[in-house]
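[1] Show me the folded form of this:
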Amino acid sequence: MQIFTIFLLIVLAICQWGYAETIPSTSGAEDGPASTEVEDFVAKPIEEIEELFHQKQYQIVIKECERLIAYDSARWESHWARLKLSECYTALGQPEKAQAILAEVEISSPEEQREVLVWQLHYAIEKGKLDNADKLVDTIETKFIGEDFVLETMEQIIDSYRERGRLEDARRRIDQMLQQYPFQEKTFWLSFRLGEHYCDRGEHQQAIELFEKIRKYHPYHIEASVQLARVYQEIGEFDRAIETCNAAIETNPTHWTVVHLWSMLGDIHQEKGDLQAAFKAFLTASEFRGTDEARWALRRVAQLHQLLGESEQAVELLTQLSVKGLPDRFDTEVLINLAAIYVDSSDYERAESTLKELIESYPQTQHAQEAMLRLLEMYWETNQREKAVDFFRSLLAHPNPHLRVQVIRRFIEESHEEGILPELEARGKLPELARILRQAVDRATSPAAALGLLRGLAVIAEWQDDWDEAIKVNARLIERL
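    Sure thing, here's the model as predicted:
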């Protein structure tokens, strides 16, 4: 009897096991597909499907893409799969089917489309398929024109072209950016890096053409003029190099790096054999106190004295340099740090005197410009509104366009609602501010110099609900772009 019972139990267990095998598992039905489906989903990664597509295994790709779409149509991988399906059907000569699939993709959100395209771009660049990447950049630029991430995709393809030596393609994209986004900082730096690459390869003519072009749109970026003058100097075109330096100095007379142009001008004149002109340029550079470059310029003046047989003057200068101690650059850094300590300890009177000392002693340094902005912020944050308003107006009249743009951006564009505009309006000084900005726009020597000023005018007009003026200013802004 016991043997029969055991046998019966074994038979029942076998039957139950067989029955379970015939019924699909329902565990996790509410949570989504079963674990085997998850394994199927990741069985053939997207990278592998891309490789199959490039191997023209279109039927396999179609099957895998349909599987991805069927798994979960809301995932971004499904949107990618639809795009890839349309490419397969296009390659197979079935454009109607491809267009029908693309119509489904258009229904998805722009964010999902962007994710898919950006992934495809990264993958194409990583695999070195730059022609495919180039087409994707065109698609992104068309679909998302005006968005910041479009410039980032441009940067990726240009850098990839440059790194792989495809300079003609890099230049083609740079020219496109200079046409469509001429005043963007990213456009300048991408163009500048390509120009430097030309210089490293000894392709001087290409470098000259590019630096000349970007200098037209970004005259206040001295870096382009420095590189252009250096190229002319390297190929022995000293007059063109001198002309480039002089033009940049005239455009940026108060820029904190203009001292470098004066030093370069001295080098070029000396190499050309014009020692008197070199002497004058180095003396001018030496007047920019607060920079190491000024000290080096004094040494060059001493060397020129020696070359001209004026030994006493050379000895006097070298002796003066040898006993001066720390370079002036450390002076400016110490004053900036000292002012920050005084502000942190709420000793605003000493902070103000320290910042003013820096501005007066080293007016043409970058630290001096930083000190001006810090002083304005301190006046505002410590509720010294009368001082803040007066100093703000003086900075808007400052000859340095970079400083004016920083002031406008920080105190008008970025914080106009809780910033200085209500205070100016309460004191009846907004019309005067608008007049100062309009005069500065009229005096601007290039579109780049006028952009920040026009943005400030637009914000003021909108603040005053003067919509006719706002429309007019924005129209001028568009013209400058």
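[2] how far away is residue 281 from residue 300?
    Computed as CB to CB, to the nearest Å, the residue 281 to residue 300 distance reads 9 Å. Glycine gets a C-beta too; all of them are placed from N, C-alpha and C.
[3] Next one: the residue positioned nearest the centre of the chain from residue 148, what distance?
    The chain has residue 186 as the residue nearest its centroid, 3.8 Å off, counting by CA atoms, centre = their mean. Going from residue 186 to residue 148 by CB to CB gives 9 Å.
[4] what does residue 398 give?
    On the measure of CB to CB, residue 398 and residue 148 end up 30 Å apart.
[5] neighbour count winner among the two?
    residue 398 (15 against 9; other CB atoms under 10 Å).
[6] excluding its backbone neighbours, what's nearest that one?
    Of all residues not flanking residue 398 in the chain, residue 404 sits nearest, at 6.0 Å (CB to CB, 6 or more residues apart in numbering).
[7] Distance from the chain centre to the helix or strand where that neighbour lies, please.
    Using DSSP states H and E, residue 404 sits in helix 401-408. In terms of CA atoms, centre = their mean, to the nearest Å, the centre of helix 401-408 is set 18 Å apart from its chain centre.
[8] same deal with stretch 269-281?
    From the chain centre to the centre of stretch 269-281 is a distance of 37 Å (CA atoms, centre = their mean).
[9] CA atoms only for that stretch, dumped as PDB, please.
    C-alpha atoms of stretch 269-281 as PDB (Å, rounded to 0.1, in the frame of the first residue of the first chain):
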ATOM      1  CA  HIS A 269      59.900  96.100 -35.400                       C
ATOM      2  CA  GLN A 270      63.100  94.800 -34.000                       C
ATOM      3  CA  GLU A 271      63.100  91.800 -36.300                       C
ATOM      4  CA  LYS A 272      62.400  94.100 -39.200                       C
ATOM      5  CA  GLY A 273      65.400  96.300 -38.100                       C
ATOM      6  CA  ASP A 274      63.500  99.400 -37.000                       C
ATOM      7  CA  LEU A 275      65.000  99.800 -33.500                       C
ATOM      8  CA  GLN A 276      63.500 103.200 -32.800                       C
ATOM      9  CA  ALA A 277      60.000 101.900 -33.500                       C
ATOM     10  CA  ALA A 278      60.700  98.800 -31.400                       C
ATOM     11  CA  PHE A 279      62.000 101.100 -28.600                       C
ATOM     12  CA  LYS A 280      58.700 103.100 -28.700                       C
ATOM     13  CA  ALA A 281      56.500 100.000 -28.700                       C
END
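[10] what does that stretch contact?
    Identification of contacts with stretch 269-281 by CB atoms under 8 Å, 6 or more residues apart in numbering yields 233, 238, 242, 262-263, 265-267, 300-301, 304, 307-308.
[11] Over to residue 428. Which of the three states is it?
    Following DSSP: H, G, I helix; E, B strand; the rest coil, residue 428 is assigned to coil.
[12] what's the domain layout of the chain?
    Here the domain parsing of the chain from automatic domain parsing is 326-383, 391-481.
[13] Any chance of a markdown table for those, columns distance to residue 197 and mean pLDDT?
    Below are those laid out as a markdown table (distance: least, CB to CB, whole Å; pLDDT from 0 to 100):
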| stretch | distance to residue 197 | mean pLDDT |
| --- | --- | --- |
| domain 326-383 | 27 | 81 |
| domain 391-481 | 24 | 76 |
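[14] still on that earlier bit, what is the helix or strand that contains the residue nearest to the centre of the chain packed up against?
    Assigned by DSSP H and E, residue 186 belongs to helix 185-200. Applying 3 or more CB pairs under 8 Å, 6 or more residues apart in numbering; DSSP states H and E, we find helix 185-200 packed against helix 148-163, helix 167-180, helix 204-217, helix 222-234.
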